[in-house]
Structures are given as C-alpha cells and as structure tokens.
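# show me how the following folds:
(3 chains)
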Amino acid sequence: MRFKNLLIVISTIIVCLVTIVSLTDIPTFKISFEEFERIIEETNSLNTVTAYYLNYRLYDTIFEIFVFTLSIYGVVFFLNSVPSIEKHVPFNDPVMNFYSKFAFIISIVAAIYIALVGHLSPGGGFVAGIVAGTGMMIVSLTKNIDEIKDQFKIENISSYEKLILLSVILLTIFPVLIGKRSFQNFLPLGKTGRILSAGFIPLFDLLIFLKVMFGSWSITFYFIKHRGVV
Amino acid sequence: MRADPSYLVISPFLFSVAILVFKKHSKLLSTLEAMLNLLLVSILFLEGDYDFYISNWVSKGIHLLVDFNTKVILLMISIVFLSVTLNSLKKDYNHHFYFFSSVFLASTNASMMAYDLFNIYVVIELASLTAYLLIGYKQKTIQLWASLKYLILSSVALNFYLLGIGIIYAYNRTFDISKIEVLPEISIVFVLVGLLAKSGIFFMSMWLPLAHSEAETEVSALLSGIFVKIGAFQIIKLLSIEAFSTARPLISMIAIVSSILGTVYAFSEKSTKKVLAYSTLSQMGFVLSGTSLANILHMFNHGIFKSLLFLTVGDSVENMEKKNFQDLKDKKIPLLRNLTLKIALFGIMGVPLFSGFVSKSLVDHEMHFTGKIGLSIAAVGTVASLWRFLSLRTQRIAKEKIRENIGYLILTTFVILVGAIGTFKMNLSDILKSLILIALGVLVYKIFKLGNISKVFEKLDNALFIYIIFCVLGLIFFTVI
Amino acid sequence: MIILICSILITFIGFIGTILKKNLILKMLSVGVMNTGVITFFVGLSYRSGKAAPIIDKLLKNQQDLADPIPQAVIITSIVIGFAVLTFSLVYIMLLTSRRSTMDVKRIEGETDES
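Numbering: from 1, shown residues only, chains lettered A, B, ... in the order given. Model prediction:
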C-alpha cells in the first residue's frame, strides 16, 4: 500500500518536472496594438476579452450556457427525490434581516451595471449573474421557505429560464433569416464607447446575466429547501 | 452562399427547449427531432465538404470541418439516436430523459464537426454532463456510484486535456487544429489522456464497465453506440494531421492490447450486460488501431450493432432481479427480438454477409504483421465471449407488434445492408480467414473456462493512477523514438 | 514564468489529492484544486504577452504591453463548467452518503461490488 502511494507521488513528480522543463522554451508573443484596433473595428467592443467571448467564440458560449442549464436541471431533478426538511429554521437576527435586504438591492443594482457595461469595462453577464444570485441567496437565508416562494415566485422563474434559453438560441440563428450567417453579429455596431453599441454583445450579456441569476438562485433554493440553511 | 451545418446543433437545442415547455408531448417531440436529424444528415451527403469558420471569423473564430468521415459518423449517430428514441417510447421515461438526450444529441453532433481544440473540450464536457445525468437517471444507488465515479475520472482527464491544449496554445497561439505547427511531447500526452479516457480504451476508461452495465437500457445503447465514439473520433481526427502523427504507434499499440484484454475480461464475465461492456472496450481497440477509412467504417458498424445488442439484451434483462447470464438463459425471449439479437451477434463476430466482417477485414488490411496477429486473437476472443448469447431460447407470442420492435428493425437493416454490399467486394481469402477465426472462437468457447479475473483496474484510485502511469509511459515512448 | 510553474504545481498537487484522499468530498475538492491550477495556467499565459488588462481606452493612443485576450476569454467557459460539475457532484455525493451512510470511497466501492 505504502509502496503504491510512493509510486504515485514519484511518477506525478516526474510528469510535473517534465512539464515545467518543457515550459522553459515557450516563445513570448507580443501582440501589436494594430491587432487590438482591428478587433475594435470588427466588433466595437472596447473590452477585447468580451469580444472573443461573445463574438468570435460565441459558438462555445452557447454550449457553456447549456452546461449551466443542464447542471441546474440535474440538481433539481436529483434533489426532488430527497424529502424536503419539515422544520425550516431561517436565520432570525434583526441586524441580518435589515441588512440582507439592503445588500440585495445593492447587489442587484451592481449586477445590472456590470452586465450592461460588459463590453466597455471589466464585467459581463456571468459575473453579474453570480453577484445578483448571491444577493438573492442572502435574502433567502433570513426567510421561511413559503415566504421565499411567495416573494420570488418560483414557478415564474423556471418559465423565464426557458424563455431566456429560447431567445438565446433564436438570436444565434436569426441572422440566417436576414441573409447573414448563423452566429453572426447582425445588429448595428453603433458608436464606440456607448452602452448600446457592439451589436448584440450587450443583449447577450443581459440574457446571460438573467440566466445565471435565476439559475444560481434556483440551485440555492433547492439546496435550502431540501437541506436547510445550516 | 450555402447555409453552414450548424443547424445540426441548433435544431436539437431548439427541440430540447420545446420538450421543456411541452412536457406532455416530449415523446412525440423527441421522435420528430430524431427524424429531422436523420433527414438533415442525409441532406449533408448530397453536398460537398464543409470547411469553414463559424460566423465567418477566419482568423479568430472557431473552425468546423465536415468531411466524408464526419458525415459517416453523423449518419451513425442519427440512426442510433432514432432507433433508441423509438425503443424508448414503450417505456415510462419522463420529459427529463428526453431533454437530456436532445442536449446529448446536439453536443455529439457538434463534437464530430469541431476542428478547434477548445471547442472540442467544451463540447465533450457538455456531452459528459448529459452522460452523468443519463447514467444516474433511475437514481438507484449503484447508478449514482457509477455516475459519480465516471464524473471524477472524466473531470480529472479533461483537466489534463485542458492543460495539454494550454501548452499547445502557448507554442502556437491558436486553438485551430489546422494551424498547429509546434507540438511538445508533453502536450500530446496530456491531450491523449483526456481523449483516451473518453474513448473506451482498456486501462484508460475503466469507468466504462460499471456505467454501461448499470445504466438503463436506452442509456447503455446511447453510451456504447454514440458516446465512446466522441473521444475516439477526436483521436482519429488529431492523428490524421502531420504534427500529431508521431503518436500513431503509441495509440495503435494501446488499442491492440485493449482489444485483446477486453475480450479476456468479457470471456470470464458472468453478468450479462458487463459482457457487452467489456466487448465495447475490445471493439474500440479495433477502431483506434489505425486512422484510415476502414476504422471509421468499423466505428459506424460498431455503433450500430453494439447499440442493437444493448437494446435487445437490455430489454430482456430489464425486469430481472439477477443479472447473471445463467438466469437470462432460463428465460425465453420473443421471436423478433431474438432474431435481431442474433443478427447483431453475427455482425460483431464478423460472420461474412454481416457488417462487422467487412470493417474488421478492412482494418486488418491496414495493419502490419504484429497488429494482424493481435487483432486476430481479439476476433477469436470476441466470438468466444459472445457465442453464449446464441443459445438463448425463443418464446412464441402469437402477435408481435411491429411498433414495439421498430427500433431493432432499423438497426438490423443497416447491419445486413452494409454487410451484404461489402461482402461482395471482399476477397475469398478474407472470407476464409474470418470463418477460420470463428471456428477457433467456438473451439475456445467449448474448451476453456475462465474463473473470475481480478478487477483491480476498475477501482477508482487505480483508474486515476493509470492516468499518470500513462503520462510517464508516453513520455518514455516519445524519448525512445 | 513563475505563475506558469506555480500553476503546474497546483495542478499536480490537486491530482495527487484526487488519488490519495479517501473522502469523497475531499476528492471532489481536489478536482476543484486541479481545475484551479489549469485556470491559473491559462491566466499566466495571458500575462506573458503583456501586463495590462486588454481593455482599450479610447483616449490613449497606442497602448503597449496589453495581455493576450484569448486565453482569458476561453477560460471563462472552463470556470463555468467547473462550477457546474462541482455543484452537480455535490448533489450526487449527498444522495450517495445518505444512502450508504459513509463518505469513504473504499467502503462504497466494496459494497457496490458485493451487491
């Protein structure tokens, strides 16, 4: 047994060392400013990471959205077979009750801002969705399960999710109908630096934001429902 | 301007959302989806090859390639998916199953077309996620464990793959396969770890026997028919390009060892579905032994007859308490199902006039001398391990509904069609050789009895350990050459 | 360069963890560590070609030393996938441990072999 563990460690160290040695002669690519200027010309997105993420490699991002959706459905599908806990004890602390609502508002506002300026400054749909989802989670921690259900209308949220998923797919094939190629940025690029520019990038940012917000929150909701807060 | 074949991905996605919305009609929608997919793939055959960047970003976009090989595999996927869906109609699957399977179809279609290293990663991850969900579908404890084991093994392997493509990116500044020039050995090894773990090769994908044998009937058919082809096809795709071709002997070696060991395990196995799972390990060895069209053809044929085997055998053992083969033997099987089961067996054993014979002989033509011997041993082993299924008895039912057996019949058509057309183009010596191998196989089946072989490789820790051992061996292989 | 070396080290430390840890949750967390290592590797690759974030300021002409946007852009996808897989595996582990009342891999594996 001990011999096997030793073998594991030794062989891992060998592979690790070989990897590090092979990294020593990596060439350094300097990217010229002209290349960045061309990206801006083509996509009108000042944040070039977003330009790749939602324009050049949009095809990857669609699969990513489906990975996220599928994990939500997986969690819901498997947790539904677990009996939900009978007595739900939320955090009952006046300070937390007050500030959770406050934090919720701040996080939603921040999230919308982050989502909308994803193509101009650091940010984007996914980060924004996580921020807003965290805000919703903090509020859910202080409430009863029925109260949460009332407040956020869980049935509606799952239908919004489907709507978002549908509109994401339709947006990718819509260009075919107007004579362009699928996954092509078909909206006008607009003036550089505005929020409404860069074609459909802000639109996708917004959709991903909503998708991730609802998704991460419904994961939290099902965990709270079946496992409790603590 | 032609429309690009991204509709093969978009249409299953649209159907998956539709299934979520119209939950009650999920069976109808899924059938429609499968038929539409078959139609779209058939249309692809009428047109030329596609070699394009999606949404036309030539320098920075994602490269997709649809050549003849891809079309053949896409056809196989659509046939298998259609018959699996038709077979699932008689059972009580709910909309979740059909949702998962449509996303699975989209990701497999996309993975066959992908020609970009990172896109391959994303697509394989999505396909694996659906596979985890489908394996654990009935939520039996053993299914959950099979799924979790696969999840851990697969995540680790894909992290290796990601590290490998990271190193490739560092040298080439691109993920596009057609633009790769410099390839350090270590990156080849890492990429191969990731892909071999997906492709059902002995030692590297030891998640396979448990997952394939414990999953539901339809899920096993999807996994064995389609899912293991994802990794294998990527490997063949990569080995076909110049920079990767140094790894060809390595893969060929592993494949032949896998094809022999798989049959040994299948021969000694008692549990019915596990025999078929080990047989998949051995057949994937045949597939990966080379990179020619013959291997693609064997991939096609294996997808068809193995999913047929899993469907027929799985339907027979589905409601049984015990999983051993001896218990299945006491049971009688409806006539039509037994007939299609036998045709599938002839296919996998390589009997002339059936599809396995054609592709096995063609693969054999491509091999060098030692490879020929290895694959012949594997062919004998295949016959020896699966011969027992021929002894299953038939139960006569007055009227068998065609509707319940339509899934089997579609697959059977292709086993016979490919076999009949191909056999007339083969030499007499091939036919003689295959008959001799089958006779030897029957002899081995009658004479030898194997007890239980230790399943030490299938333990989770050991399966992970094999990854790093493979890395070391691969590095040694590259330094020697 | 130091980032790349450290990221490789993190990756393989995570890998050793996945083998040697017997507890399912710790095994899964080790996979997470490994994933983090790979992500760091990609970020390090970005950093090699420049040190400034690749966000263009309209007022500045000819910014130099910008980082490579591609590895950053693709690795977002990998982060999301890692998140999805981790969430999902936690549910599996939850169900398994509640039925087998153990988190030890050896024991779960042994019981499944017997049945």
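# how about low-confidence regions in chain A?
A:229-230 (pLDDT under 70).
# just give me the longest helix of it.
The single longest helix within chain A, with elements called by DSSP state H, is helix A:201-227.
# buried ones in that one?
Neighbour counts over helix A:201-227 (16 or more other Cβ atoms under 10 Å in any protein chain shown) mark A:201-226 as buried. Every residue, glycine included, has its C-beta placed from N, CA and C.
# burial count for the closest residue to residue B:292 other than its chain neighbours?
Excluding its sequence neighbours, the residue lying closest to residue B:292 (Cβ to Cβ, 6 or more residues apart in numbering or on different chains) is residue B:366, at 5.1 Å. Counted with other Cβ atoms under 10 Å in any protein chain shown, the neighbours of residue B:366 add up to 16.
# now do the same for residue B:366: its pLDDT.
Note on residue B:366: pLDDT of 84.
# hang on, it packs against residue B:290?
Yes. In this structure, residue B:366 is within contact of residue B:290 by Cβ atoms under 8 Å, at 4.7 Å.
# one step back: measure the residue nearest to residue B:292 to residue B:331 for me?
Shown here: residue B:366 relative to residue B:331, a distance of 41 Å by Cβ to Cβ, to the nearest Å.
# who touches residue 62 in this structure?
As the question left the chain open, I've gone with chain A. A:168-169, A:172, B:13 (Cβ atoms under 8 Å, 6 or more residues apart in numbering or on different chains).
# oops, wrong one, chain B.
For residue B:62, the contacting residues are A:56-57, A:59-60, B:53-54, B:114, B:116, B:119, by Cβ under 8 Å, 6+ apart.
# phi, psi for it please.
The phi/psi pair for residue B:62 (degrees, to the nearest 10) reads phi -100, psi 130.
# equivalent analysis for the one 10 residues further on, please.
Summarising the backbone geometry of residue B:72 under the convention degrees, to the nearest 10, its torsions are phi -60, psi -50.
# number of residues surrounding it?
By the criterion of other Cβ under 10 Å, residue B:72 has 18 neighbours.
# quick one: contacts for the residue most central in space within chain A?
The structure's chain A has its C-alpha centroid closest to residue A:126; by Cα atoms, centre = their mean the separation is 2.7 Å. By Cβ under 8 Å, 6+ apart, the contact list for residue A:126 reads A:208-209, A:212, C:76, C:80.
# likewise residue B:419?
So residue B:419 contacts B:347, B:352-358 (Cβ under 8 Å, 6+ apart).
# also residue B:90?
Counting by Cβ under 8 Å, 6+ apart, residue B:90 makes contact with residue B:404.
# if we can go back for a sec, measure the residue nearest to residue B:292 to chain C for me?
Per Cβ to the nearest Cβ, to the nearest Å, residue B:366 is found 36 Å from chain C.
# which residues does that residue contact?
B:289-290, B:292, B:294-295.
# so which of those sit within helices?
Using DSSP H, these in helices are B:294-295.
# need the contacts of residue B:366 in JSON lines with neighbour count and pLDDT, can you?
Shown next, in JSON lines, are the contacts of residue B:366 (neighbours: other Cβ atoms under 10 Å in any protein chain shown; pLDDT from 0 to 100):
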{"residue": "B:289", "neighbour count": "27", "pLDDT": "88"}
{"residue": "B:290", "neighbour count": "25", "pLDDT": "83"}
{"residue": "B:292", "neighbour count": "15", "pLDDT": "85"}
{"residue": "B:294", "neighbour count": "22", "pLDDT": "88"}
{"residue": "B:295", "neighbour count": "23", "pLDDT": "90"}
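# any low-confidence regions in chain C?
Low-confidence segments of chain C, defined by pLDDT under 70: C:59-61, C:111-115.
# can you rerun that using 80?
Residue ranges of chain C with pLDDT under 80: C:57-64, C:101-103, C:105, C:108-115.
# what's the burial count for the closest residue in space to residue B:181 that isn't next to it in sequence?
Nearest non-adjacent residue to residue B:181, counting by Cβ to Cβ, 6+ apart: residue B:172, 6.0 Å away. Residue B:172 has 19 neighbouring residues, counting by other Cβ under 10 Å.
# show me the contacts for residue B:172.
Residues in contact with residue B:172 (Cβ under 8 Å, 6+ apart) are B:179-182.
# ok now the longest helix along chain B, how far from the chain's centre?
Assignment by DSSP H gives helix B:141-172 as the longest helix of chain B. In terms of Cα atoms, centre = their mean, to the nearest Å, the centre of helix B:141-172 is found 18 Å from the chain centre.
# cool, and stretch B:232-240?
Distance, stretch centre to chain centre, for stretch B:232-240: 14 Å (Cα atoms, centre = their mean).
# and that stretch, which residues are buried?
With burial defined by 16+ other Cβ under 10 Å, the residues of stretch B:232-240 counted as buried are B:232-239.
# distance of the residue nearest to the spatial centre of chain C from residue A:220?
Against the mean C-alpha coordinate of chain C, by Cα atoms, centre = their mean, the closest residue is residue C:35 at 1.7 Å. Between residue C:35 and residue A:220 the distance is 21 Å, computed by Cβ to Cβ.
# residue B:145 now?
In terms of Cβ to Cβ, residue B:145 sits 26 Å off from residue A:220.
# and stretch B:444-461, what's buried?
B:444-445, B:457-461.
# and the furthest pair within these?
Taking Cβ to Cβ, the two most distant members of these are B:445 and B:461; they sit 34.3 Å apart.
# okay, now the unreliable bits of chain B?
Counting by pLDDT under 80, chain B shows low-confidence ranges at B:1-4, B:55-59, B:319-323, B:327, B:329-330, B:395-404, B:450-455, B:481.
# residues from it in reach of chain C?
Contact residues (Cβ under 8 Å from any Cβ of the partner chain) of chain B with chain C: B:60, B:118, B:121-122, B:125, B:129, B:132, B:136, B:139, B:141-142, B:144-145, B:147-148, B:151-152, B:155-156, B:159, B:162-163, B:166, B:169-170, B:173, B:175, B:210, B:455, B:459-461, B:464-465, B:468.
# show me which of those are buried.
By neighbour count, with 16+ other Cβ under 10 Å, these hold B:60, B:118, B:121-122, B:125, B:129, B:132, B:136, B:141, B:144-145, B:147-148, B:151-152, B:155-156, B:159, B:162-163, B:166, B:169-170, B:173, B:175, B:210, B:459-461, B:464-465, B:468 as buried.
# what about chain A: which of those residues touch it?
B:60, B:118, B:122, B:125, B:129, B:132, B:136, B:163, B:170, B:173, B:465, B:468.
# wouldn't the fifth one be in contact with residue C:85 here?
Yes. In this structure, residue B:129 is within contact of residue C:85 by Cβ under 8 Å, at 7.0 Å.
# need the overlap of contacts for these two.
Both residue B:129 and residue C:85 are contacted by residue A:71, under the criterion Cβ under 8 Å, 6+ apart.
# regarding chain C, what is its longest helix?
Identified as the longest helix of chain C according to DSSP H is helix C:69-100.
# next, the angle from that one to helix A:201-227.
20 degrees (axes from the mean of the first three to the mean of the last three Cα atoms, to 10 degrees).
# please report how far whichever residue of chain B sits closest to chain A lies from chain C.
Scanning chain B for proximity to chain A using Cβ to the nearest Cβ identifies residue B:55 as nearest, at 3.8 Å. Per Cβ to the nearest Cβ, residue B:55 is found 15 Å from chain C.
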